Structures are given as C-alpha cells and as structure tokens.
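*Asks:* any chance you can model this:
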Amino acid sequence: MAETDFERIFHPRRMAIVGVSSEGGYGFANGMLLACRAMGFAGEILPVNPKGGSFAGQTIFRSLEEIPGDIDFAVIAVPAPAVPEALEACRRKGAAGAEVLTAGFGETGTPEGRGLEQEIREIAARGIRVVGPNCFGIYCPASGLTLLPGPDLSREPGPVAFLSQSGGMSIDLAHLGGWMGLRFSKVISFGNGADLREAELLRYLTDDPETGVIAMYVEGVADGGDFFQAIREAARRKPVVVLKGGLSEAGGRAVVGHTASMGGSRAIWSGVLRQVNAARVESLEELAQACLAFSYLPARVFRGISAVGGGGALGAAASDAAEAYGIRVPEFSADLRTRIEAILPQPGSSAANPIDVANPFVPPALLGRVLRLAAEDGRVDLQVLISLLYHYKSQARAMGVGVADITPHAELAETVATAAADSGKPVVMVLPDLKRGPEDLDLAEMMARAREEFTGRGIPVFGAIGEALRAIGHVSAYYGRRLLGEES
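*Replies:* Numbers count the residues shown, from 1 in each chain. Predicted coordinates:
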C-alpha cells in the first residue's frame with residue numbers, strides 16, 4: 001500500500017458527502033453537510049445521491065463519477081449494504097480517505113455485519129484509508145472538518161489530539177474541552193476501526209507537529225504488540241492520556257456490542273500503561289483535566305506548591321490532596337511568614353503554607369503580592385490560588401447590582417498572569433462554583449467569563465482543588481518517569 005496521505009484526509013480541498021437527501025431532514029449525510037458549512041469548511045463540498053436533486057442550495061450529484069476531477073476525502077452515510085460500493089467509487093475517484101458514519105457492521109455480531117466489514121478492509125487494502133465504520137468521523141479545527149453532529153465546535157486549533165472508539169466520547173470531549181479552555185489539533189472517532197485504528201493513528205500523531213498531547217478512549221485493540229510499541233514510542237515524545245472502557249464485567253459486555261471490541265483485564269491495562277509511561281484516567285472529566293494541565297503547564301516535575309485561598313478548610317483540603325499525589329506543601333520560614341502576614345487582612349488569616357487570606361473579597365492586587373512573596377520559597381515549583389468568586393453573588397444582591405458589575409475577574413486574571421510571569425512560578429486557578437440554581441444563571445455566565453479571562457492568559461482553571469492537584473500529579477508523574485528513563 002502507498003504511504004497514507006494524511007494531509008488530504010485532515011485538510012481536504014474537495015470532499016464528497018455520499019447519502020445527502022434532497023428531502024432534507026437531519027440524516028447523517030445532510031447533518032454533516034450543514035455542520036461543515038456552519039464550521040466554515042474552506043474546501044469544496046460535493047453532495048452525492050442517486051436520486052439527485054438539491055439540498056441547502058447545492059446540486060446533488062447522482063454518482064461520484066459525475067463529479068468532475070478527483071476528490072480528496074469522502075463522508076459516507078448510506079445504509080450498510082451500500083457502503084462497499086460507495087467506498088470503492090471513492091477509491092476510484094482518487095480519494096485518500098473516507099469516513100464511514102454508518103453502523104451495522106462487525107458490532108452487530110452477525111455474519112452479514114462481519115462480512116460487510118471485511119469488504120471494507122479489502123477495499124481499503126486497494127488504496128483508500130477508512131475511518132470507521134460506526135463512527136462520528138474527524139474534527140480538525142484548522143480545516144473545518146467536524147464530528148457528527150458538531151456545527152458549533154471551536155475553529156481555534158490547539159495541541160490536544162483525541163483518538164476515540166466512541167463517537168459519543170469524541171463529541172463530548174470536544175464540547176467539554178471547548179469551555180474548559182482545551183484546544184484540539186485533531187479528534188478522530190474511529191468506531192470499529194476496520195482500517196485505520198489506534199496503533200497507526202498513534203504513530204501519525206506522534207510525528208504530527210500540530211499535536212503536543214495525545215488523549216485516547218480505548219475499548220479494545222486489534223494487535224496488542226503493535227499497540228504496545230506505538231504507545232511506548234508516543235509516550236517517549238509526548239504525554240499520552242488513556243481512558244480505558246470495558247474494564248468491568250458489565251463494561252466488557254457493553255463494548256462488545258458497541259464496537260465489537262474486547263474489554264480486557266484491569267490489571268493488564270494498568271500494568272501496560274504504567275510500563276509505557278502513559279497516564280491512566282478513570283473518567284472523561286479526568287481525561288479533560290489532565291489534558292488541560294499538560295497543555296498549560298511547563299514540561300517539568302512539580303515537587304512543591306503553595307496554596308492560597310480564603311478559608312482554612314480549603315487549605316487543609318489542598319494539603320491532603322497534594323500529599324495523595326506526591327506533592328509537598330512546604331511550611332514557610334519564619335521570615336517569609338512574617339512578611340506575608342504583614343499584608344494579609346486581619347483577623348483570621350494565616351501565612352503558613354497553605355495561606356489563608358481570610359475572606360473571598362481580598363483585592364486582586366493584594367493576592368498578587370502574596371503570590372510573589374510565596375514564590376520566593378525555593379521549594380515551591382507551582383502555586384494554586386483558590387478564589388471563591390461565587391460569593392460575589394450574595395454581595396451583589398445585597399447591593400442591588402449585577403454580579404458581573406462587581407466581580408473583579410478580569411483584574412484578577414491579569415494580576416495572576418503577571419505574578420506568574422514575574423516569579424517564573426506557574427499558577428493554577430481553582431474556581432469552585434457551588435451556586436447552580438436557576439436563580440444563579442447570571443453567576444454561571446460570570447464564572448464562564450472568568451474562566452475565559454484566565455485561560456486566555458495561559459492560566460488553567462479547575463472547579464475543585466482535588467481535580468487540580470490530581471491533574472498536576474499526572475503531569476509530574478509523567479515527566480518524572482520520563483526523566484528517570486532518560487537518565488537510566
């Protein structure tokens with residue numbers, strides 16, 4: 001087989017969508033055409049259906065052969081029995097690849113489904129790469145390709161790539177990452193993986209200059225030895241974060257019916273991922289948080305932190321969580337405590353590490369001074385600032401003003417970013433949001449704007465101290481093990 005032209009797959013100039021109906025509705029093909037147009041896909045979209053007609057102002061070609069010239073890529077969303085013929089026509093039309101959104105293949109467990117999937121493999125072997133079947137496709141912000149059904153995903157590219165056997169997981173992470181501050185190079189939902197799947201895609205992303213962090217949702221692998229080699233090489237060069245589905249007995253039954261994969265043993269997977277230095281996570285949320293930390297924090301080990309917040313219990317929680325992930329919260333020297341105490345509001349504050357600033361309404365400028373002083377301790381590699389911005393809602397109500405009118409989130413974000421830059425010690429923000437009732441929709445909007453202010457300045461934001469320190473722990477563990485590997 002000729003070398004795969006991934007450039008034409010991820011950045012196609014001419015893309016056919018097979019299965020678009022002139023009758024409209026939100027079938028997969030029609031939905032993908034509308035979604036790619038809404039995303040601002042820069043290439044040419046060529047809808048195909050034997051019945052012809054038009055949809056959304058575009059003429060529908062009756063066959064791929066009617067399209068003048070070659071195509072780069074195709075989206076196939078026709079009934080399963082018609083997929084092989086459509087895929088072969090795409091191959092003859094010069095397509096480098098195609099994504100097959102249709103289900104009804106090996107995951108059904110029927111002879112008919114398995115036979116159709118084998119036909120896909122045979123056609124792929126003749127010279128076209130296939131993503132799927134039974135998938136949501138590809139999201140590539142730089143080109144405007146989007147997952148089904150994702151017309152509202154960000155066009156801003158970034159360093160995180162995600163390989164997922166689950167279409168739902170792929171679109172969920174794309175949406176979750178969007179508001180968290182994650183930006184993606186590629187998200188690939190490969191479903192049953194009849195052709196392109198985890199090991200080969202891992203190798204591509206390992207060499208991809210647009211990708212700095214690789215995340216994966218895996219249900220099963222086609223070739224354990226090949227996967228082991230691919231993920232080991234990837235993790236030598238870039239952080240790899242893995243969420244493994246199907247580790248429980250019930251989960252194993254579910255993945256067989258989902259993508260025809262075998263779940264595997266929890267002990268085996270844990271051992272393999274530890275051996276190759278990949279981070280193993282337990283949920284999609286933890287995966288997103290780990291990717292956020294890897295994306296925003298420097299590539300290093302964080303052995304000691306300072307924790308700054310308004311409340312003694314928050315400091316205790318920070319200390320407990322830090323210890324669980326092998327991170328120290330060193331007690332400051334008497335001299336440093338004295339200098340920090342001199343600027344803290346009284347009474348109720350404490351300058352021992354963790355630092356209790358006593359209340360949630362401390363001015364940003366004062367917090368900046370605290371961060372600069374705490375950064376003087378050579379044992380502190382990173383600082384965590386816990387800000388209870390949601391308390392401004394109560395103050396705003398008492399004053400009869402809007403919460404956005406009095407919350408200094410933009411000033412705080414600028415102050416924190418400046419303190420981090422001046423001290424050379426990165427800062428992680430924790431913004432708990434405990435008021436989520438319908439009466440607090442204005443607060444939800446303010447908190448979303450606050451997160452944007454911080455992430456826009458390169459400061460990662462987490463919703464809880466435990467989530468933040470767990471993500472920092474993943475970063476430290478990865479770079480610590482990599483450093484040991486390089487030294488041995």
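*Asks:* now do the contacts for residue 353.
*Replies:* 306, 307, 329, 330, 331, 332, 374, 377, 380 (Cβ atoms under 8 Å, 6 or more residues apart in numbering). Bear in mind the C-beta positions are built from the backbone N, C-alpha and C, glycine included.
*Asks:* so how far is residue 318 from the fifth one?
*Replies:* Distance, residue 331 to residue 318, using Cβ to Cβ, to the nearest Å: 14 Å.
*Asks:* quick one, which of the two is more surrounded?
*Replies:* Neighbour count, other Cβ atoms under 10 Å: between residue 331 and residue 318, residue 318 has more, with 26 against 13.
*Asks:* emit the PyMOL select command for whichever of the contacts of residue 353 are buried.
*Replies:* The following PyMOL line selects those of the contacts of residue 353 that are buried, judged by 16 or more other Cβ atoms under 10 Å:
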select buried, resi 306+307+329+332+374+377+380
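*Asks:* which single one of the contacts of residue 353 is nearest to residue 283?
*Replies:* Lowest distance from residue 283 to these (Cβ to Cβ) belongs to residue 307, with 24.2 Å.
*Asks:* next, the buried residues of the lengthiest helix in the chain.
*Replies:* Taking DSSP state H as the criterion, the chain has its longest helix at helix 465-487. Using 16+ other Cβ under 10 Å as the test for burial, helix 465-487 gives 465-482.
*Asks:* what does stretch 346-363 give?
*Replies:* Judged by neighbour count (16+ other Cβ under 10 Å), stretch 346-363 contains these buried residues: 349, 350, 351, 353, 354, 355, 356, 357, 358, 360, 361, 362.
*Asks:* what's the offset of the longest helix of the chain from the middle of its chain?
*Replies:* Distance of helix 465-487 from the chain centroid (Cα atoms, centre = their mean, to the nearest Å) equals 18 Å.
*Asks:* quick check: mean pLDDT of that helix?
*Replies:* For helix 465-487, the mean pLDDT works out to 92.
*Asks:* distance check, residue 145 against residue 363.
*Replies:* Counting by Cβ to Cβ - residue 145 and residue 363 are separated by 46 Å.
*Asks:* repeat that for residue 166.
*Replies:* Remark: distance between residue 166 and residue 363 (Cβ to Cβ) = 46 Å.
*Asks:* which stretches in the stretch 201-350 of the chain count as helices?
*Replies:* In the stretch 201-350 of the chain, the helices defined using DSSP state H, counting those that start in this stretch lie at 224-237, 249-259, 266-276, 284-296, 312-324, 334-341.
*Asks:* show me what the first one is packed up against.
*Replies:* What that stands for is helix 224-237. With contacts taken as 3 or more Cβ pairs under 8 Å, 6 or more residues apart in numbering; DSSP states H and E, helix 224-237 sits against helix 198-207, strand 240-244, helix 266-276, helix 465-487.
*Asks:* who wins for proximity to residue 369 among those?
*Replies:* helix 465-487 (22.1 Å).
*Asks:* quick check: angle from that closest one to helix 312-324?
*Replies:* Interaxial angle, helix 465-487 versus helix 312-324 (axes from the mean of the first three to the mean of the last three Cα atoms, to 10 degrees): 30 degrees.
*Asks:* quick one: list the elements packing against helix 465-487.
*Replies:* helix 224-237, strand 279-281, helix 284-296, helix 312-324, strand 382-386, strand 427-430.
*Asks:* what's the mean pLDDT across the first one?
*Replies:* To tie it back to what came earlier, the one meant is helix 224-237. pLDDT averaged over helix 224-237 gives 96.
*Asks:* give me the buried positions along it.
*Replies:* 226, 227, 230, 231, 232, 234, 235.
*Asks:* now do the residue nearest to the fourth one when sequence neighbours are not counted, the pLDDT please.
*Replies:* Closest residue in space to residue 231, ignoring its immediate chain neighbours: residue 276 at 5.1 Å, by Cβ to Cβ, 6 or more residues apart in numbering. In the prediction, the pLDDT value recorded for residue 276 is 96.
*Asks:* same check, this time on residue 246
*Replies:* 65.
*Asks:* what's the spacing between residue 225 and residue 231?
*Replies:* 11 Å.
*Asks:* how about residue 344?
*Replies:* Separation of residue 344 from residue 231 (Cβ to Cβ): 48 Å.
*Asks:* just checking, what packs against the strand or helix carrying residue 441?
*Replies:* Taking DSSP states H and E as the definition, one finds residue 441 inside helix 441-455. Judged by 3+ Cβ pairs under 8 Å, 6+ apart, helix 441-455 is in contact with helix 167-180, helix 392-399, helix 403-406, helix 409-423, strand 461-462.
*Asks:* ok, which of the ones you listed comes nearest residue 289?
*Replies:* Taking Cβ to Cβ, strand 461-462 is the member of the helices and strands packed on helix 441-455 nearest to residue 289, at 6.4 Å.
*Asks:* which residues sit against the closest one?
*Replies:* Contact with strand 461-462 is made by 180-181, 289, 292, 428-431, 450-451, 454-455, 468, 471, as judged by Cβ under 8 Å, 6+ apart.
*Asks:* mind redoing it with 10 Å?
*Replies:* 180-181, 289, 292-293, 296, 384, 386-387, 413, 428-432, 447, 450-455, 468-472 (Cβ atoms under 10 Å, 6 or more residues apart in numbering).
*Asks:* please apply the same query to stretch 110-117.
*Replies:* So stretch 110-117 is contacted by 80-84, 100, 102-108, 132-134, 192-195, 260 (Cβ under 10 Å, 6+ apart).
*Asks:* now that stretch: average pLDDT?
*Replies:* pLDDT averaged over stretch 110-117 gives 97.
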